[in-house]
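1. sequence plus predicted model, see below.
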Amino acid sequence: MISLDQANIIITAALDHGRTANFKPLTVVVLDAGGHAIALQRADGASTLRPEIATGKAASALALGVSSRAIGVMAADRPTFVAALAALAPKGIVPAAGGVIVVDAAGITIGAVGVTGDTSDNDEAAALAGITAARLKAQG
């Protein structure tokens with residue numbers, strides 16, 4: 001499981017990465033393996049829907065077992081299928097990079113990180129920076 005201390009490290013490092021790289025204001029959430037929020041922070045100036053988008057990215061990854069980037073590819077290939085999933089998923093489906101699954105040493109899912117606020121590629125880079133800073137591993 002991801003501890004609160006680890007979640008806070010992830011969030012701090014992701015936000016620091018965004019500031020250092022001059023990204024737009026980010027919002028970062030860390031969910032446990034069941035999709036429940038451990039911690040969330042919204043940078044000053046981040047727009048009001050960002051917590052829901054970050055949560056949607058992370059929850060989407062957990063729900064389908066792949067990164068939200070992979071869900072974006074899936075949406076391009078099978079748009080009707082992915083659109084139908086949105087009605088089934090309580091936190092929605094966000095088919096854009098920035099939702100990353102976190103795994104333990106054995107490759108078992110222990111949670112997910114969701115980042116939003118800049119481009120999807122930059123959101124994902126911030127998520128990965130946070131996961132690395134917490135000495136955890138992103139799903140391969």
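-> Arrived safely. Residues are numbered from 1 along each chain as shown.

2. which parts of this structure are strands?
-> Applying DSSP state E to the chain gives strands spanning 27-32, 37-42, 99-103, 109-116, 137-138.

3. kindly present these as TSV, with separate columns for mean neighbour count and distance to residue 66.
-> The way it works is simple: take the backbone N, C-alpha and C, and place the C-beta from them, glycine included. Shown next, in TSV, are the strands of the chain (neighbours: other CB atoms under 10 Å; distance: least, CB to CB, whole Å):
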stretch	mean neighbour count	distance to residue 66
strand 27-32	28	15
strand 37-42	18	20
strand 99-103	28	7
strand 109-116	28	11
strand 137-138	16	12
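
4. adding mean pLDDT, write these out as JSON lines.
-> JSON lines is the format used below for these (pLDDT from 0 to 100):
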{"stretch": "strand 27-32", "mean pLDDT": "98"}
{"stretch": "strand 37-42", "mean pLDDT": "98"}
{"stretch": "strand 99-103", "mean pLDDT": "98"}
{"stretch": "strand 109-116", "mean pLDDT": "98"}
{"stretch": "strand 137-138", "mean pLDDT": "98"}
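
5. gap between the nearest residue to residue 98 once chain neighbours are set aside and residue 97?
-> By the measure of CB to CB, 6 or more residues apart in numbering, the closest residue to residue 98 outside its immediate chain neighbours is residue 123, 3.2 Å from it. Here residue 123 is placed at a distance of 6 Å from residue 97 (CB to CB, to the nearest Å).

6. so for those two, which residue has more residues nearby?
-> Neighbour count, other CB atoms under 10 Å: between residue 123 and residue 97, residue 123 has more, with 32 against 24.

7. right, and the more buried one touches residue 113 too?
-> No. Under the criterion of CB atoms under 8 Å, residue 123 is not in contact with residue 113, lying 9.9 Å apart.

8. lowest-pLDDT helix or strand in the protein?
-> For the chain, using mean pLDDT, DSSP states H and E, the weakest element among its helices and strands is helix 79-88, scoring a mean of 92.

9. which parts of it are buried?
-> 82, 85 (16 or more other CB atoms under 10 Å).

10. so which elements touch the lengthiest helix in the chain?
-> Ranked by residue count, the top helix of the chain under DSSP state H comes out as helix 4-20. When contacts are defined as 3 or more CB pairs under 8 Å, 6 or more residues apart in numbering; DSSP states H and E, helix 4-20 packs onto strand 27-32, strand 37-42, strand 109-116, helix 120-133.
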